[in-house]
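In: Predicted model and sequence follow; I will ask about them next.
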Amino acid sequence: MKRITQKLNIQMKDILIDTVDAIVIGAGTIGTATAWHLAKRGLKKVVLIERNTIGSGNTSKAASLMTLVRTKEELIPLIQETYKNIDEIETLTGELTGRNKVGTLHIASSEESVKNLENIVAIANKHHIKNKEISIEEVKEKAPWISTSAIKKTSFMEDDSYVDAYLLANAFAKAAKMEGAVIMQHTEVLELLSEDNEITGVKTSKGIIKSPVIIDAAGCWSNLLSLQLNIPIPMAAVRSIYWITESINTLFPKNHPMVVMPDAMAYSRPENGALLFGLREENSPHFHPKELNPQPNSDFLGAKDDEWDILEKYGKEFINYFPQFEEIGMKNCITGISTYTPDGYYTVGTFPNFKGFYAATGCAGCGVAGSGGIGRLVAEMVLKIPLYANSEVFRIDRFTNFDPHSESFRQRCADARSKKKDGG
């Protein structure tokens, strides 16, 4: 009986179950946003395929800071688009995305960071993003947990928000369904199908779906699919890590701002009366995608007790801002995966001389923030309409002669995370 069932399953995978206009693989915030943007622009048959459930992968573990100002200015229009999308889909679907407009406080304590913050303020002004320098007294009022003794310069970006990435992915998915997209959960993509360097469809665990367009939004597993076509995407899976303290309302008021602390290589945001904070390690661990559990899980990525070693090793500068740190209990430590590129830009678009394949990945630690913008950019590429933003820096062929799974290339991607000082 078992042998008959296995034979039936194999036969089912080869059955044609549909022919559609576009297939999106991966239902994180980027994949769901892409499906919505395609469907709302009139593409009749859009299918979104997810091997687990919507938003259940690394999306669900994201800290989800949506800081608008970026030193890589090409990212800003995409993040601004996500903000617009959130307004639209919350109205359209009636669903909340967990958006909390608390603002971001940037603080600088060294001469280098002061200069960098002056540059960030100039970028904010250039893009008409509200910002103002606030006094030490105001810092203490907004974020009682911060020791202000070392602060030399501040800037408060009042329009910044953070979201619940899981809720955002589900809201994008619901909006996509309302525009006519079909969502297939618990369906694994086994193979990308092509002929003469042209996409023809996918083979899934439930059968074959024909399509001239595939958008690979599978996150850290994207290269396992794209390399079937000899298309390397320049990104790697790099660990992100953050901690959540116990709740203390007097220290962590409900709507205290997100804080970016480049001198401590740290960031924070409120979390239900607690503090969520992340540290950037000098050597962030990186992974081959086959090392990663494809099922939703809370596995810690790293050696046992590594989270406490990291705090001890990299938390010293953070303690300068948060002197009560060692007295306060830690409620949780969360590890997830970000898909970093060597240059810190997304990987979005087509590959030369291969028709119908599009990448929408390489989040560089700000995929949730840019998800709506990436989705719109890919949709406009697929539909061959004028692009609303510059896409040149996101080209997936901007690096040559590399193996995305090699130790050396993965290290280059991990180094990009370790050196990042922007928020989020």
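Out: Cool, the structure landed.
In: what's the domain layout of the protein?
Out: Domain ranges of the chain: 2-65+165-235+343-405, 100-160+237-340, per automatic domain parsing.
In: and these, which is most packed in?
Out: Greatest average neighbour count among those goes to domain 2-65+165-235+343-405 (a mean of 21), per mean count of other CB atoms under 10 Å. All C-beta atoms are positioned from the backbone trio N, CA, C, and that covers glycine.
In: how distant is it from the center of its chain?
Out: On the basis of CA atoms, centre = their mean, to the nearest Å, domain 2-65+165-235+343-405 sits 14 Å off its chain's mean C-alpha point.
In: Tell me which stretches of the stretch 251-400 of the chain form strands.
Out: 258-261, 266-271, 274-279, 286-287, 330-340, 347-351, 354-361 (DSSP state E, counting those that start in this stretch).
In: give me the beta-bridge partners of Tyr162?
Out: Leu65, Asn100 (DSSP bridges).
In: Which pLDDT does the model give it?
Out: With respect to pLDDT, Tyr162 has a value of 98.
In: Show the contacting residues for it.
Out: Ala63, Ser64, Leu65, Met66, Gly98, Arg99, Asn100, Val102, Met258, Arg269 (CB atoms under 8 Å, 6 or more residues apart in numbering).
In: ok, so of the residues you listed, who is nearest Leu276?
Out: The closest of those to Leu276 turns out to be Arg269 (CB to CB; 5.2 Å).
In: so how far is Asn255 from the closest one?
Out: Noted for Arg269: a distance of 11 Å to Asn255, by CB to CB, to the nearest Å.
In: Overlap in contacts, the two.
Out: By CB under 8 Å, 6+ apart, Arg269 and Asn255 have these common neighbours: Val102.
In: Roughly how far does the closest residue to Pro342 other than its chain neighbours sit from Asp403?
Out: Nearest residue to Pro342, sequence neighbours excluded (CB to CB, 6 or more residues apart in numbering): Arg412, at 4.3 Å. Computed as CB to CB, the Arg412 to Asp403 distance reads 11 Å.
In: and what of Ser155?
Out: Applying CB to CB to Ser155 and Asp403 gives a distance of 41 Å.
In: same check, this time on Val202
Out: Plainly put, Val202 is 24 Å away from Asp403 if you go by CB to CB.
In: and Pro77, which of the three is it?
Out: Classification of Pro77 using DSSP: H, G, I helix; E, B strand; the rest coil returns helix.
In: In contact with it, which residues?
Out: By CB under 8 Å, 6+ apart, the neighbours of Pro77 are Gly373, Tyr388, Ala389, Asn390.
In: pretty sure Glu112 is in a helix, no?
Out: Yes - applying three-state DSSP, one finds Glu112 inside a helix.
In: Read off the pLDDT value for it.
Out: On the pLDDT scale, Glu112 is placed at 97.
In: Pro289 now?
Out: 95.
In: same check, this time on Lys304
Out: So Lys304 comes in at 62 (pLDDT).
In: Same check on Asp422?
Out: On pLDDT, Asp422 comes in at 64.
In: okay, and the helix or strand of this structure with the least pLDDT?
Out: Scoring the helices and strands of the chain by mean pLDDT, DSSP states H and E places helix 2-13 at the bottom, with a mean of 51.
In: ok, then the element right after that one?
Out: As assigned by DSSP states H and E, the chain's next helix or strand after helix 2-13 is strand 16-19.
In: Which is the succeeding secondary structure element to that following strand?
Out: Where DSSP H and E defines the elements, the next helix or strand beyond strand 16-19 is strand 22-25.
In: tell me the average confidence for the helix or strand that that following strand is followed by?
Out: Sequence-wise, the next helix or strand downstream of strand 22-25 (DSSP H and E) is helix 29-40. Averaging pLDDT along helix 29-40 yields 99.
In: Can I get helix 29-40 in PDB, CA atoms only?
Out: Coordinates of each C-alpha in helix 29-40 appear next as PDB, following Å, rounded to 0.1, in the frame of the first residue of the first chain:
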ATOM      1  CA  THR A  29       6.400  40.100   2.900                       C
ATOM      2  CA  ILE A  30       8.200  40.400  -0.400                       C
ATOM      3  CA  GLY A  31       6.400  37.500  -2.200                       C
ATOM      4  CA  THR A  32       2.900  38.500  -0.900                       C
ATOM      5  CA  ALA A  33       3.500  42.200  -1.900                       C
ATOM      6  CA  THR A  34       4.700  41.100  -5.300                       C
ATOM      7  CA  ALA A  35       1.600  39.000  -5.900                       C
ATOM      8  CA  TRP A  36      -0.600  41.900  -4.800                       C
ATOM      9  CA  HIS A  37       1.100  44.400  -7.100                       C
ATOM     10  CA  LEU A  38       0.800  42.100 -10.100                       C
ATOM     11  CA  ALA A  39      -2.800  41.400  -9.500                       C
ATOM     12  CA  LYS A  40      -3.900  45.000  -8.800                       C
END
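In: so what secondary structure elements neighbour that helix?
Out: Helices and strands touching helix 29-40, by 3 or more CB pairs under 8 Å, 6 or more residues apart in numbering; DSSP states H and E, are strand 22-25, strand 46-49, helix 76-93, helix 165-178, strand 354-361, helix 367-383.
In: Any chance of CSV for those, columns mean pLDDT and distance to Ser147?
Out: Converted to CSV, those look like this (pLDDT from 0 to 100; distance: least, CB to CB, whole Å):
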stretch, mean pLDDT, distance to Ser147
strand 22-25, 99, 46
strand 46-49, 99, 47
helix 76-93, 99, 30
helix 165-178, 98, 30
strand 354-361, 98, 39
helix 367-383, 99, 28
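In: can I get the ones you listed in a markdown table with distance to His127?
Out: Listed next are the helices and strands packed on helix 29-40 as a markdown table, based on distance: least, CB to CB, whole Å:
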| stretch | distance to His127 |
| --- | --- |
| strand 22-25 | 29 |
| strand 46-49 | 31 |
| helix 76-93 | 5 |
| helix 165-178 | 22 |
| strand 354-361 | 23 |
| helix 367-383 | 14 |
